[in-house]
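K.L.:
give me a model of this one.
(2 chains)
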Number of protein chains: 2
Amino acid sequence: MIIFDRVREIALVNSAGNILSWDQETYLPSGSADYRSGQLSYLATHAHKLATSDDFLRALADAEQTDDGSDPVRTANLREIRRESDRSVKIPTDLVTRESTAQSAGHHAWIAARKASDFSIFAPHLENLFGFAAKKADLWGFVDEPYDALLEGFERGTSTTTIAGLFDTLRKDLAPLSAQAITRSAPSELPPGPYPVSIQQSFNAVVAAEIGFDFQTGRIDTTAHPFCTTLGPRDVRLTTRYMTSDFTSSLFGVMHEAGHGMYEQGLPASDYGLPSGSAVSLGIHESQSRLWENQVGRSPEFWGKFYPIAQGHFHQLKDFPFEKFLHHIHRAEYSPIRVEADEATYDLHIVLRFRIERMLLNREITVAQVPSTWNDLFHESFGFIPPDDARGCLQDIHWSMGGIGYFPTYTLGNINAAQLFKSAIAIPEISAATAKADYAPLLAWLRENIHCHGGVLDPTALMKQATEKSPSTEAYIRHLKSRYVKSY
Amino acid sequence: MIIFDRVREIALVNSAGNILSWDQETYLPSGSADYRSGQLSYLATHAHKLATSDDFLRALADAEQTDDGSDPVRTANLREIRRESDRSVKIPTDLVTRESTAQSAGHHAWIAARKASDFSIFAPHLENLFGFAAKKADLWGFVDEPYDALLEGFERGTSTTTIAGLFDTLRKDLAPLSAQAITRSAPSELPPGPYPVSIQQSFNAVVAAEIGFDFQTGRIDTTAHPFCTTLGPRDVRLTTRYMTSDFTSSLFGVMHEAGHGMYEQGLPASDYGLPSGSAVSLGIHESQSRLWENQVGRSPEFWGKFYPIAQGHFHQLKDFPFEKFLHHIHRAEYSPIRVEADEATYDLHIVLRFRIERMLLNREITVAQVPSTWNDLFHESFGFIPPDDARGCLQDIHWSMGGIGYFPTYTLGNINAAQLFKSAIAIPEISAATAKADYAPLLAWLRENIHCHGGVLDPTALMKQATEKSPSTEAYIRHLKSRYVKSY
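P.N.:
Reported below is the predicted structural model:
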């Protein structure tokens, strides 16, 4: 079918862009950044031109007219290509180019602003980037509020109201839960480092391979911020970063990104680029990373097997008791920094960002009010004010890259992860295996219930099919309670 | 000028392809190769489409008509864009795509053939690849023989007859010279390794930075075969490979590739993609790599400064005499392998390949006759027959990548390097500085006489301008005699 070839072509161009982005974060020399922005912008523009060309639209219309519905995957692919196409054609190509340029500039300004903890450096760029977001929301259209239109790009088929409802429930439970978790937390420092990077790398590779990440079609590199990206149907790149004082930092980074990576590796490779060969949404993507990082990676069962292996790698751990190690990875505290937050407090950071993004788009606050609003909302949830904007409203990369409407998918991921894990271990064979830290049956269940479906179903429908209910905070709160406040 | 924007666009697409190729050689997971071929082929095809579009040709014609000759660089750029364009439009886009696919298949077959030392695995691909070369030569057109048309793509403005003449002179001198060099060679093994890779990397980085390679806009990675590639106007990537038994192997690789890299770093960055911002030819490119690798890197003056530094890095060298080290890096022997050949015998390998390529294209031999012809010619020059085809006609990557007509530029590089170095050190300040292993004045001379001119002049004219004579074997033979057979 011609339209599928066209969609695959666009995916190929985007995958080339992913290679350039990956290199930009991993190996690009410090003095080479400018031209790379131009290369990325060119490929993004080219992909958008292809996706909005008359040829493309004609091929899509032809395919829709001749589709007899006999192949549900084909029909779903056409439906999703249409959904995406209807969004793409509403955005003029020059807006894509200008936004890409603004993102490059915004990204550089954000780095400088965060370094100097000076919001004024970033403010005009943030203004500009929220301007692009608002403009795109207007062009896409929405029923209730502009945020809906942005959210749709990351988590199709949901709404700001649904998210707000979930988050309100969550916040009510999290407020006391996190406070109790912190009170009960028995902070336990690891024995002093250094935990050498090369040994961390060996241990991380052992763990990643054991949980099922395929190194024949993937690899792990080092970046300032961990991520996972897909450069082709059999090419998944993870990154992590290293603290020589605590090997678990890079390890949980790897387990998180490997969760993303195993989802990508589990998608039907022959459908690469088509909706049926692509991840359905960020909220489902994040469910995979959180499942492996937290549901698995912070469980006592996991460490029952892997702590002795860690002790074999790091001589410091030789006489460090298992119980104290568990305390270390289950410590809870209020941190100003999202990426350093523990499970018990993480979502408070997300809810805060969601509220601010929504207020900005609804013009309830201006960009100039972001720092004070941030600090007010932060104080409301955490009981203190971040020491500076670098550790406040300037801490995250997302807005600088135009990722507005992205944050809620992190918490959706946590919610989905708990719900999926609960359904999986309800199956006796999976529960028996995970109790012994054998994760092959769990991965097989995820492959069958999530990965292999690509984007054929909407995220909510996929969750319903896999877990017999829509995403709800229930399993997640139960998980947090059982791990962090046992007698809650 | 619109045409210059178009040319820059094509350069951008090609630079994106270079990023993909670089990643393919450095970090691509083993199971990910297939899709990468498709990505590369797509970008190559896209660039060719741009270069042969009606828009492009119209913009070029417009610019030519309105050029008043007041800016000689602009006029030269238009002349070279025209030259390239006239070649591009003669090649149908589908031929570019098919050749790119054939090269990917050929490359894989070559790897398998070399591994098994079985020419029959590679033969049909070689047939195919020489078929593409012959087809392109026919489409481009030539006066004397098809090889001229291929050569023009690597070394514009020269001819097969000119090369053959230079090579005949060289071969007459090299036959006795190499024989005597080998007789007089005082083989001296380095003290036993291991020379740890990480220490080699530190030492190589010191040397590369000292001779002038800019790590702000470049880096060094590890590959099976060393190369240099340019990913943007300020992004030059070198690679090398490591032998733990001999640190000089990776070092000379780095010095060679850094020579290429410093040329690229010395091109006018603001003209990136235009002829005036691009290397003029492979023969000039190779002059830069050979100059730094051999004229500089194998000189006693260089090691007068760097041997003590090497001794500081590698404890094995502590009591190893300077004289014996020089013998080690000046040893000469007949090896079947080109990339392992020393200065005194290297060009014999090139002349052999040039003769075979020419015979194939003139249909004086068939592809099936390549192994026997190779062995006959090899015996004629080296006095023995390679032990197998893996170390004979299957040893080089070039044909498998469609690089037919490329080999002669290696020897042109050697000839040009010696001629340039001779002219540079005829200047007292440069000679005094190089005697102390201070290479800043030499690099400045190369920047001024070679790098900054990009492709404005033809290679021969550039050599004439820099050295006051056309490329001749004289300085090169004199150099080899003085280094390898002092009393010759």
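
K.L.:
contacts, neighbours, all on C-alpha from now
P.N.:
Noted.

K.L.:
for the stretch 151-300 of chain A, which segments count as strands?
P.N.:
Using DSSP state E, counting those that start in this stretch, the strands of the stretch 151-300 of chain A run over A:218-222, A:228-232, A:235-240.

K.L.:
most tightly packed of the ones you listed?
P.N.:
strand A:235-240 (a mean of 26; mean count of other CA atoms under 10 Å in any protein chain shown).

K.L.:
pairing partners for that strand, with directions?
P.N.:
Strands that pair with strand A:235-240, judged by DSSP bridges, come out as strand A:218-222 (parallel), strand A:228-232 (antiparallel).

K.L.:
and it, C-alpha only, in CSV?
P.N.:
The C-alpha coordinates for strand A:235-240 follow below in CSV (Å, rounded to 0.1, in the frame of the first residue of the first chain):
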residue,chain,number,x,y,z
ASP,A,235,18.7,-0.2,17.1
VAL,A,236,17.8,1.1,20.5
ARG,A,237,20.2,3.3,22.4
LEU,A,238,20.2,3.8,26.2
THR,A,239,22.2,6.2,28.1
THR,A,240,23.0,6.7,31.8
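
K.L.:
going along the chain, name the helices of the stretch 251-400 of chain A.
P.N.:
Applying DSSP state H, counting those that start in this stretch to the stretch 251-400 of chain A gives helices spanning A:282-290, A:300-313, A:322-329, A:343-361, A:370-382.

K.L.:
would you turn those helices into TSV with mean neighbour count and mean pLDDT?
P.N.:
Below are the helices of the stretch 251-400 of chain A laid out as TSV (neighbours: other CA atoms under 10 Å in any protein chain shown; pLDDT from 0 to 100):
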stretch	mean neighbour count	mean pLDDT
helix A:282-290	27	98
helix A:300-313	16	98
helix A:322-329	16	96
helix A:343-361	21	97
helix A:370-382	18	97
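
K.L.:
let me have these in a markdown table, extended by distance to residue A:446.
P.N.:
A markdown table is the format used below for the helices of the stretch 251-400 of chain A (distance: least, CA to CA, whole Å):
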| stretch | distance to residue A:446 |
| --- | --- |
| helix A:282-290 | 8 |
| helix A:300-313 | 18 |
| helix A:322-329 | 25 |
| helix A:343-361 | 22 |
| helix A:370-382 | 34 |
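
K.L.:
export those helices to JSON lines and tack on distance to chain B?
P.N.:
Formatted as JSON lines, these follow (distance: least, CA to the nearest CA, whole Å):
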{"stretch": "helix A:282-290", "distance to chain B": "21"}
{"stretch": "helix A:300-313", "distance to chain B": "21"}
{"stretch": "helix A:322-329", "distance to chain B": "32"}
{"stretch": "helix A:343-361", "distance to chain B": "33"}
{"stretch": "helix A:370-382", "distance to chain B": "35"}
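
K.L.:
in chain A, which residue sits furthest out from the middle?
P.N.:
residue A:66 (37.0 Å; CA atoms, centre = their mean).

K.L.:
list the contacts of that residue.
P.N.:
Not one residue lies near residue A:66 by CA atoms under 8 Å, 6 or more residues apart in numbering or on different chains.

K.L.:
any idea how far residue A:166 lies from residue A:275?
P.N.:
Residue A:166 sits 27 Å away from residue A:275, taking CA to CA, to the nearest Å as the criterion.

K.L.:
before we move on, what about residue A:357?
P.N.:
Residue A:357 sits 28 Å away from residue A:275, going by CA to CA.

K.L.:
what of residue A:319?
P.N.:
For residue A:319, the distance to residue A:275 (CA to CA) stands at 51 Å.

K.L.:
which ones are touching the residue positioned nearest the centre of chain A?
P.N.:
The centroid of chain A falls nearest to residue A:286 when counting by CA atoms, centre = their mean (4.6 Å). Residues in contact with residue A:286 (CA under 8 Å, 6+ apart) are A:260, A:409-410, A:412-414, A:417.

K.L.:
any idea which of those residues has the most stuff around it?
P.N.:
residue A:260 (31 neighbours; other CA atoms under 10 Å in any protein chain shown).

K.L.:
contacting residues for the nearest residue in space to it that is not next to it in sequence?
P.N.:
Leaving out its chain neighbours, the residue that sits closest to residue A:260 by CA to CA, 6 or more residues apart in numbering or on different chains is residue A:289, at 5.0 Å. Applying CA under 8 Å, 6+ apart to residue A:289 gives the contacts A:255-260, A:413.

K.L.:
between those residues, which is nearest residue B:91?
P.N.:
Residue B:91 lies nearest to residue A:260 out of the contacts of residue A:289, by CA to CA, at 43.4 Å.

K.L.:
check what pLDDT that closest one gets.
P.N.:
We have a pLDDT of 98 for residue A:260.
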